[in-house]
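1. Generate coordinates for the sequence data below:
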Amino acid sequence: MTSQFTRPAGVVPPTEVDLRAVRDQLGRPARGVVTIASRCPSGHPNVVMTEPRLPDGTPFPTLYYLTCPRLAGAIGTLEAAGVMADMSQRLRQDEELAAAYQRAHEAYLTEREAIGHVPEIDGISAGGMPTRVKCLHVLVGHALAKGPGVNPLGDEAVVMLGDYWGSSSCAPEGAGEPVAD
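-> The predicted structure is shown next:
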């Protein structure tokens with residue numbers, strides 16, 4: 001199925017090497033990849049930007065999809081420690097944090113809409129934005145893709161992760177060669 005969506009200006013399509021690395025990370029072919037949105041320190045993809053409707057027609061609100069299994073595992077540890085509940089509680093108590101999170105939600109929607117409109121997910125971002133924290137994987141993916149200052153809770157989670165990749169390559173065995181930015 002051919003994509004019906006627009007690649008944003010200046011966005012570089014993924015290479016075959018990148019798509020092989022993502023396939024190896026996920027254990028299945030990548031779907032609807034617009035570009036590699038973030039790379040780990042060893043140069044492998046760790047976040048992809050995805051189309052808002054997958055090639056099979058499924059609406060997909062997650063613009064920034066985390067692919068690195070090592071990173072996903074580290075985030076799962078944070079989730080198991082109750083970080084999401086703590087963040088959601090802070091959103092209810094801290095108006096400044098809530099306003100910054102609302103801006104992250106709006107930026108996410110604007111960016112996804114620039115790729116294409118999908119009525120079924122209109123107004124829905126991902127990760128629980130803008131009122132709660134439902135999925136740290138999404139927030140970390142957003143923070144890594146956009147850099148610090150866009151998603152405050154994603155930024156916090158990235159800091160909590162520390163050196164999640166350790167001292168070696170985070171790519172699974174047999175993945176494509178690292179590609180420098």
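2. Buried residues of the longest helix along the chain, list them for me.
-> For the chain, the helix with the greatest residue count under DSSP state H is helix 95-115. With burial defined by 16 or more other CB atoms under 10 Å, the residues of helix 95-115 counted as buried are 97-98, 100-101, 104-105, 107-109, 111-112, 115. All C-beta atoms are positioned from the backbone trio N, CA, C, and that covers glycine.
3. contacts for that helix?
-> Residues outside helix 95-115 that contact it (CB atoms under 8 Å, 6 or more residues apart in numbering): 5-8, 34, 51-52, 61, 63, 90-92, 123, 125-126, 129-130, 142, 146, 150-154.
4. In PyMOL, how would I select the buried members of the residues you listed?
-> Buried residues within the contacts of helix 95-115, by 16+ other CB under 10 Å, are selected in PyMOL with:
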select buried, resi 5+34+51+52+61+63+90+91+125+126+129+130+142+146+150+151+152+153+154
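5. Restricted to strands, list the contacts of helix 95-115.
-> Among the contacts of helix 95-115, the residues falling in strands (DSSP state E) are residue 34.
6. rewinding a little: now pLDDT and distance to residue 135 too, for the buried residues of helix 95-115, in CSV please.
-> Converted to CSV, the buried residues of helix 95-115 look like this (pLDDT from 0 to 100; distance: CB to CB, whole Å):
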residue, pLDDT, distance to residue 135
97, 98, 18
98, 98, 18
100, 98, 18
101, 98, 14
104, 98, 14
105, 98, 13
107, 97, 17
108, 97, 13
109, 97, 16
111, 95, 18
112, 96, 16
115, 94, 20
